[in-house]
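Chemist: Any chance you can model this:
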Amino acid sequence: MKTNVYIAYRRFVKHTFKLSFIVLLFLPISLLSQETLKFERTIPIDVNKKKKVIKDIDEWISTQPNLTLTLHQTSPEEVINLDGSFTFENTVKYDASATYSRMYIAQTNGNISYKISIFIKDNQLIFQVGDFKHSPVAKGERIEFGTITTSDTAPKNLKFDYDADWCDKVWANMKKLSEENAQRFFDTLPSNLISSR
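Modeler: Model (predicted):
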């Protein structure tokens, strides 16, 4: 004969399993709901000069030391994909402790990588800079912010382990630097691409 304790235990396990399943079911949806940080610039072009435009872009890319051509797709439409990165030096101090501040800064310093897509659509030459991702280079423990999204706050897992206010300030700085880097990329576009065709 089953005791009341055994029955209560079985009910607890059954309900816990159902709750865990529901959480696991909706977790990927909540993660996907955050958009990655992305910046875009469009330039109108003469569609009859598409081949010349692509040739000019290819020549310009070969002169850019900080960009790496990862895939040059020619069908169904011309798409040029590039990888880039910039050094991230954390300047956000942790005010509660000078020792922790030095340690946190060292554990977050590293690189922010990003991707660039260049393609032609609807008589527009489109440049997209996005998929920014923080990767620390510390040899020991690292504080990794990962993919930078449009969210106003830092990833929750970091805010549980470190000071939440400090994490949000570092996150805001990463987003600002990513935007500045995208703007620098747009500013380096050759004038013959930007001028009307």
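
Chemist: Tell me where the chain has helices.
Modeler: In the chain, the helices defined using DSSP state H lie at 4-32, 50-61, 98-108, 156-161, 164-187, 191-194.

Chemist: Could you tell me the least trusted of these?
Modeler: Lowest mean pLDDT within the helices of the chain: helix 4-32, a mean of 50.

Chemist: Distance check, the residue most central in space within the chain against Ile112.
Modeler: Geometric centre of the chain, nearest residue: Phe132, 2.7 Å, by C-alpha atoms, centre = their mean. Distance from Phe132 to Ile112, counting by C-beta to C-beta, to the nearest Å: 6 Å. The C-beta positions use only the backbone N, C-alpha and C, and glycine is treated the same way.

Chemist: again with Leu177
Modeler: Distance of Leu177 to Ile112, given as C-beta to C-beta: 7 Å.

Chemist: cool, and Asp56?
Modeler: Distance from Asp56 to Ile112, counting by C-beta to C-beta: 28 Å.

Chemist: Which one of those two is surrounded by more residues?
Modeler: Ile112 (19 against 15; other C-beta atoms under 10 Å).

Chemist: if we can go back for a sec, need the residues touching each of Leu177 and Ile112.
Modeler: Contact criterion C-beta atoms under 8 Å, 6 or more residues apart in numbering; residues shared by Leu177 and Ile112: 86, 88.

Chemist: returning to that earlier point: show me the common contact partners of Phe132 and Ile112, please.
Modeler: Shared contacts of Phe132 and Ile112, defined by C-beta under 8 Å, 6+ apart, are found at 148, 174, 178.

Chemist: And those residues, which of them are buried?
Modeler: 148, 174, 178 (16 or more other C-beta atoms under 10 Å).

Chemist: Go through the residues you listed and say which is closest to Phe127.
Modeler: Ser178 (15.0 Å; C-beta to C-beta).

Chemist: Apart from its neighbours in sequence, what residue is nearest that closest one?
Modeler: Closest residue to Ser178 apart from its sequence neighbours, by C-beta to C-beta, 6 or more residues apart in numbering: Phe132 at 4.5 Å.

Chemist: and if you look at Leu67?
Modeler: Closest to Leu67 by C-beta to C-beta, 6+ apart is Leu82, at 4.7 Å.
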